[in-house]
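**Q** could you look at this predicted model? Sequence included:
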Amino acid sequence: MVARYSVLVSVLFASLLVVLSAGEAKAATPAWCGEGTEAMASDVCYIDGRANAAGRKTLVIWLHGVIAKDTTMSHAHEKMLSRIAKATGIEMLFPKGVPGEQLVAWPGTADAQAKQEQALIDQWMAAKAVLEKRENKSYDETFIFGFSSGAYFASSLALRGRADVDGYATFAGGQSGVKGADANAHFAPVYVGVCANDPTGTAKHSRAFAASLAAAGIPRMVNEQQVGHDISPTHFLGALAFLRSKKQIARV
């Protein structure tokens, strides 16, 4: 799956598209976490969008799309996520995918997932534990959101119940027919954001993923927006609202 989508550059908002100059390409390798984010262990960036530390604690683990290796493109994504975090009052983790020869993306084959995914999940959960210990307070809810390459990886995790989280959301992508859940699987509700005008063809993959969720009996919400390979504010807000509603039901 990574090979198939490695040509895609994940553009979250057109205004934040990074165009690299020749001079930038020759510069020293930039840090993964840019200004305004906290660099944690294993290239996991922390974004705090709360106005204060009181109230509901929501953590979104954001799985990015493909990013050109050894560039500052991750910084543009982080700036966009910081704006979303502040607008919604949430905290976010922005972990780094797996570096390839030219791109950073997420495991997209069964073999790659078997070799790499547990270490990745452990990194995210270790960062979460550090944040909870820092404030001596657990998160009320933890979600995994994935975009593009991140959506394909997140969808595979969701169908196999691989992460101990309260829900998932996928935007512009999704794997279908994934098998391999074990006795320790932790299934959680999923929001499927379909980008109906995506020229790369992810809409059909998102719909097929939703059908796999239905076949597996996993709670889901499917929402189509007339957007391209992009993040719709309606999708992001809708995902938060749906997953929070399912979390509240689970608590009763």
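**A** Everything's here; your move.

**Q** can you give me the buried ones in the helix or strand where residue 241 lies?
**A** Element membership for residue 241 (DSSP states H and E) is helix 233-251. Within helix 233-251, the residues that count as buried by 16 or more other CB atoms under 10 Å are 235, 236, 238, 239, 240, 242, 243, 244, 246, 247. Glycine gets a C-beta too; all of them are placed from N, C-alpha and C.

**Q** again with stretch 58-74
**A** 58-68, 70-74.

**Q** and these, which two are the farthest apart?
**A** Greatest spatial distance in these: 58 and 70, 32.2 Å, computed using CB to CB.

**Q** show me the strands in the stretch 101-250 of the chain, by range?
**A** Here the stretch 101-250 of the chain has its strands, by DSSP state E, counting those that start in this stretch, at 103-105, 141-147, 167-171, 190-195, 220-225.

**Q** average pLDDT for the shortest one?
**A** Across strand 103-105, the average pLDDT comes to 97.

**Q** which stretches of the stretch 101-250 of the chain have low pLDDT?
**A** 248-250 (pLDDT under 70).

**Q** at 50 what do you get?
**A** 249-250 (pLDDT under 50).

**Q** surely residue 65 touches residue 150?
**A** Yes. With contact defined as CB atoms under 8 Å, residue 65 counts as touching residue 150 (5.9 Å).

**Q** out of the buried residues of stretch 58-74, which is nearest to residue 229?
**A** residue 65 (8.2 Å).

**Q** state the distance from the closest one to residue 108.
**A** Taking CB to CB, to the nearest Å as the measure, residue 65 falls 12 Å from residue 108.

**Q** and residue 156, what does it touch?
**A** 113, 162, 175, 178 (CB atoms under 8 Å, 6 or more residues apart in numbering).

**Q** the closest residue to the last one other than its chain neighbours - how many residues pack around it?
**A** This means residue 178. Nearest non-adjacent residue to residue 178, counting by CB to CB, 6 or more residues apart in numbering: residue 159, 4.2 Å away. Residue 159 has 26 neighbours, counted by other CB atoms under 10 Å.

**Q** report the contact partners of residue 159.
**A** With CB under 8 Å, 6+ apart, residue 159 has these contacts: 175, 178, 179, 181, 209, 212, 213, 216, 218.
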